[in-house]
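1. Dropping the sequence and predicted coords here.
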Amino acid sequence: MSEPLRFLDAEGGCARELPDFARDRETLVALYAAMVRTRSFDAKAIALQRTGRLGTYASSLGQEAISVGVASAMQDRDVFLPSFREHGGQLWRGVSMEELFLYWGGDERGNDFAGPTQDFPVCIPVASQFPHAAGVALAMQQKGENAGAVAIGGDGATSKGDFYEALNVVGAWGLPAVFVISNNAWAISVPRSEQTHAKTLADKAIAAGLPGEQVDGNDVIAVREATGRALERCRAGDGGTLIECLSYRLGDHTTADDASRYRDETEVSPHWQEEPLIRLRNHLVAAHDWGKADEEGLLRSSGEAVEAAAENYLATEPDPARAMFDHLYAAIPEDLAALAEEAGDD
Amino acid sequence: MSEPLRFLDAEGGCARELPDFARDRETLVALYAAMVRTRSFDAKAIALQRTGRLGTYASSLGQEAISVGVASAMQDRDVFLPSFREHGGQLWRGVSMEELFLYWGGDERGNDFAGPTQDFPVCIPVASQFPHAAGVALAMQQKGENAGAVAIGGDGATSKGDFYEALNVVGAWGLPAVFVISNNAWAISVPRSEQTHAKTLADKAIAAGLPGEQVDGNDVIAVREATGRALERCRAGDGGTLIECLSYRLGDHTTADDASRYRDETEVSPHWQEEPLIRLRNHLVAAHDWGKADEEGLLRSSGEAVEAAAENYLATEPDPARAMFDHLYAAIPEDLAALAEEAGDD
Amino acid sequence: MTELTIIDAIRTALGRALHDDPDVILFGEDIGIDGGVFRATDGLVQRFGAARVRDTPLSETVIAGMAVGAAAHGLKPVAEIQFMGFIYSTIDQLANHAARLRNRTRGRLTCPMVLRAPFGSGIKAPEHHSESMEAMLAHIPGLRVVVPSSPTRAYGLLLAAIRDPDPVVFLEPKRLYRSMSEPVQDDGVALPLDRAVILREGGDVTLVSWGAMLSETRAAAESLAGEGIDAEVIDLSSLKPIDRDTIRASVGRTGRCVIVHEAPLTAGLGAEIAADLAEHCLTSLVAPVRRVTGFDTVMPYPKLEDHYMPSVERVRRAALDVMEFS
Amino acid sequence: MTELTIIDAIRTALGRALHDDPDVILFGEDIGIDGGVFRATDGLVQRFGAARVRDTPLSETVIAGMAVGAAAHGLKPVAEIQFMGFIYSTIDQLANHAARLRNRTRGRLTCPMVLRAPFGSGIKAPEHHSESMEAMLAHIPGLRVVVPSSPTRAYGLLLAAIRDPDPVVFLEPKRLYRSMSEPVQDDGVALPLDRAVILREGGDVTLVSWGAMLSETRAAAESLAGEGIDAEVIDLSSLKPIDRDTIRASVGRTGRCVIVHEAPLTAGLGAEIAADLAEHCLTSLVAPVRRVTGFDTVMPYPKLEDHYMPSVERVRRAALDVMEFS
Ligand SMILES: Cc1ncc(C[n+]2csc(CCOP(=O)(O)OP(=O)(O)O)c2C)c(N)n1
Ligand SMILES: Cc1ncc(C[n+]2csc(CCOP(=O)(O)OP(=O)(O)O)c2C)c(N)n1
Ligand SMILES: [Mg+2]
Ligand SMILES: [Mg+2]
């Protein structure tokens, strides 16, 4: 078993020679900024939830490198199919913070993003996005789109039959799909070790005859590099890939969860040393002149962007009740029209 | 990748040193007789179906060694969970031919066998027996039964999510279950190569962290040996195993199928050289004095047993219509009682 | 015009759709070289190639889920489930995704897919090959459920289902696949999806059914005619949404209704129709609304199948009952 | 006697069952050390050990299927599905196996399992966490579907479900989990499974509901009382089989019926009750049978949840409608 792909170690030192893109200051700053922005968004979302102004929320604290790294490797024409913990990736792809707040506030309009119009919205039923990704990849293959479908799911998701069935058809049909496992070591209260007896989650690819690879999920460079290569294989017609990103869920499962019920603080704290922002910041400071002013400027602009988005979100008028009916079918069937009237005045 | 486990080659020569049980004439004759009986049963079942006296039937022609080998390795207290092509195993376990005819004739009473009362009946929804096997194994583990649950499914079954989910929980919980894949190279019209891109079906065990092994499924000795070892692991508390048995479906998928639509006779004929009866007969002749009289006696007694069972089956009075209601619940609920009356006189 | 059976009509409509629209794609188990276990796709892989008529691995969940993804990304998948008894594994994808994608994204992503499945009993098939669980699907908001009853309707409704911008489950009464034929023109003209159809006009009692049970229902109507009772026979056709107006209007005229289906009684779709009448036609009703259904039991193995199935006689008796009611 | 909420009562019944019967085993996602996301199993792993209170991998299909196997081999599994929106993947095992094993083997193998799941809306939970698709399950012959409406009933019905020799889906109205408490004695006494319960007697109109919607239904009844209308409130309790006699008898007295449920209208379980009345109580009915249900739409996200849910006012208005009908 080879070591997980890693370029930056926990302190930001180079574990191996960096890929080309990672020598470019602008690229690295963009990646860092995206992770910082995600963390600000997370913090604000939790604050809004705690004050009753947002619904149940799943924080990505500590896992920012995964979805940012994945999304940054994608092209516009690729399709992103997130689970529910990939805010960073959605933001990178162009979904707005306001749209994300709307979604987590319990408003379907948050999924009607102006942004990447072909991307899928958050997917709640665990692993059910993988069959969709296979379907999107099928459409890409069929239409010769030269693109890839990229789905992310958790370690828990790898226990589900739909994950497996989708992986299998991707292998059987050589579909251009990348399945990314965001292994944050926990599925709510169930640790990875109890989820499956498989040595690694990347190994699950063997069951479908696909290449599977483990990556340090706290190293955004490694995530981006592995995803980029997998997408190249998609474009070259070489089929799908499974990527397991190793990370750790630093927070509760969601705002409805209390992780102290099932895991010790002593387990969590060492992982704060491994988290993805520190190492990239250290690297930027050491290799790219990232200074205090840069850092402060970034924090300020992220904070402002989040606050502005939150304000807009909070000022959004609710959808009218009959919106329930308006988007159920392309045209409202006769037998629903009467009910829609009733809802209208409720 | 190691070679599939094999003791007898296609001609009946010894490919490697035989295990102890396979040096015993009586045991080998019993295995041979069970396979011959199964083939007779198959032939009669098809004849009955062709003349409108049996329902759609799935023949096990060419695959007799798998379920006979598996069942012969089991103890009474183990539980057998067949798919729909394991007549040989069911017969070995003590289900009567008459019961099997009843079942395939479309009568639920065929599943109420006097025989191995804890065994499961035929399972039609592909792969759905694997979760049951996990459940049976859980009960065994819980009750300290020192036994194993043995489920068989086809190559097609390995594409299903329930196969995978069951395999995964067997691995995660160390359950005493043996999953046997009867790889007959086809799932109706879909060849093994299009079913999955996995190198071997045994490899699928890796996804669950279980041992997986390929076996020559036309060598009843190999099947029995591998199953026996897997069951020993069950009894030792070492958890589950996946065994892939390589064989070939010599006949149509079922009596409702016409395999000539999708595969050439030229593909099929070489496999007649590999089938499981010839090689064991050759070995018996060469090593255990099996003579013409033995062979003829066996064929005669098998034929007679099948004919007698068929006669009994054909003479069986149909279940009364209200049997539909009588076994739906332990006691018939009030709101069904009225309907049951109606059915009674229909 | 060629005489087509229902299975021919389905195959013809599939061929037409593949020919007319390059985004149409077919997948399912054994639908390629084998042509489907009922031959609904016979010859299509030869005409349209293995990329557009695909044998899937044996995985119903991913068949449905892949259809959702493909539909959202611009294809028009027409997927097959081999028998309705194996459709349960698709319900998660149907209810949680196919039926919701448009609403969830306020129209940004849509799901123009069709899931075909043969359903119903009467061909002495093994266990799980004879189910009629259409009510489960008809309970899912955002889905359409459609059942044809003749070659003409099979052709026109399947084309409509494929062209519809929303997900449609197309349930094929397999007992009728080859039991009747009629001239069907392959003219690419679709039928309206949301309409019930009056197959026989009559003023005494309304008989509502769908799919294969229309045979028994029509036979009962003929037999009743011999007894001077003039039954109206309605083919529900669209199980979701339901054309409530047509049924209410008919019962408004007749005052009597018998609903016939193969599925078990409790929470079967007949209940919805009877409930609708109890709410909207109470004053017209002069007799109880009767349901003649498969018994409220597990679908038995073939030997008892005929007992389970509503017979012409049971339909006739129910109609006589409501006629005699006073 | 201790004051218990519904969630307490469920936990108490589970503890009692684990204590009394060594064959009882609990499994599901996060039911161990976490005590279940609603804490239904809080403390049980500590009391009974990790072998009897097991966290499963994240696999609903195998949770259901494993329960079937374990039940057939002598255990009494009580499995949990975390939210009803994730129950669809279990339907294949419930319909094709759990509900059939006894019938399929003519009683040789049986399936005494319980599948618990919280259901319903009203807690502003994310998508898929608020569904009420009980009608789908109630359509499956051979299954029992049970819904408690109070701590006392939760305790007694869950014990009954666990002791029942056949598979039971036990749906827990999660909006009520902590909204009420009452003294419940942990005496191990089960309630009868197949009985509807009259919660409030009244002679003017029958209101039928189950689970959480009984709150709105009872509130509507109180409000109606203020207007001089005496409503009878029936807790259906057993959704399959249905205690038809109790409902028929009530409507026989009142002549009027309103059925209230959260699930979508079309093919919801309210239809079965209305249909039963249309067949068996037509002559008693003096007004249309009304159904007040969740709209016939996808359950909306939290912001529109309140609009979707039947309100006290909608129930009251429906009752007034049927009272005013003539
Ligand atoms: C099919 C399904 N079952 C259960 C749930 C409830 N649930 C939400 S998240 C979760 C755990 C997911 O774990 P994992 O896949 O590791 O993702 P993570 O939350 O750690 O990102 C569960 C059980 C669900 N959403 N979907
Ligand atoms: C879930 C499910 N889907 C479809 C079918 C229809 N069907 C019956 S057997 C079969 C092929 C099975 O292939 P395999 O698992 O290789 O077993 P074999 O028939 O070759 O023994 C199919 C598709 C089924 N019985 N169950
Ligand atoms: Mg996780
Ligand atoms: Mg096979």
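-> Alright, I've got the coordinates. Ligands and ions are numbered 1, 2, ... in the order given.

2. Quick one: name the residues of chain A near ligand 3.
-> A:154-155, A:184, A:187 (CB under 5 Å from the ion). Glycine gets a C-beta too; all of them are placed from N, C-alpha and C.

3. Quick check: the farthest pair among these?
-> For the residues of chain A next to ligand 3, the farthest-apart pair by CB to CB is A:N184 and A:A187; their separation is 8.6 Å.

4. Now list whatever residues contact both of the two.
-> Residues touching both A:N184 and A:A187 by CB atoms under 8 Å, 6 or more residues apart in numbering or on different chains: A:154-155.

5. Look at the closest residue to ligand 2 within the stretch 101-250 of chain C and say how many residues are nearby.
-> In the stretch 101-250 of chain C, the residue found nearest to ligand 2 is C:H128; the distance is 6.7 Å by CB to the nearest ligand atom. For C:H128, the neighbour count with other CB atoms under 10 Å in any protein chain shown is 19.

6. Could you do A:A337 as well?
-> The local packing of A:A337 (other CB under 10 Å) involves 10 other residues.

7. In terms of helices and strands, where is it?
-> Using DSSP states H and E, A:A337 maps to helix A:334-344.

8. residue contacts, the residue of the stretch 101-250 of chain C closest to ligand 2?
-> B:124-125, C:83, C:85-86, D:96.

9. and these, which two are the farthest apart?
-> Checked with CB to CB, these reach their widest spread between C:F83 and D:N96, with 11.3 Å between them.

10. More neighbours: these two, which one.
-> A side-by-side neighbour count of C:F83 and D:N96, using other CB under 10 Å, places D:N96 first with 26 against 21.

11. What's the per-residue pLDDT of the residue nearest in space to the middle of chain C here?
-> In chain C, the C-alpha nearest the mean C-alpha coordinate belongs to C:V147, at 2.0 Å (CA atoms, centre = their mean). At C:V147, the model reports a pLDDT of 98.

12. ok, now the one 5 residues further on?
-> Taken from the predicted model, the pLDDT recorded for C:T152 is 98.

13. Which helix or strand contains C:E3?
-> Here C:E3 is assigned to strand C:2-4, by DSSP H and E.

14. And that strand, what does it pack against?
-> Contacting strand C:2-4 under the criterion 3 or more CB pairs under 8 Å, 6 or more residues apart in numbering or on different chains; DSSP states H and E are the following elements: strand C:182-184.

15. what about the helices in chain A?
-> For chain A, the helices defined by DSSP state H cover A:25-50, A:64-72, A:87-93, A:97-104, A:129-143, A:161-173, A:192-195, A:220-235, A:265-272, A:276-288, A:292-315, A:323-326, A:334-344.

16. List the residue ranges of chain C that fall below the pLDDT cut-off.
-> Residue ranges of chain C with pLDDT under 70: none are present.

17. for chain A, that is, sorry about that
-> Using pLDDT under 70, chain A drops low at A:1, A:344-346.

18. Can you name the residue of it nearest to chain B?
-> A:G161 (1.8 Å; CB to the nearest CB).

19. Ok, chain C next?
-> C:P302 (3.1 Å).

20. Go ahead and confirm that residue touches C:K124.
-> Yes. Assessed by CB atoms under 8 Å, C:P302 is found in contact with C:K124 at 4.1 Å.

21. So which of the two has more stuff around it?
-> Between C:P302 and C:K124, counting by other CB under 10 Å, C:P302 is the more crowded of the two (22 against 16).
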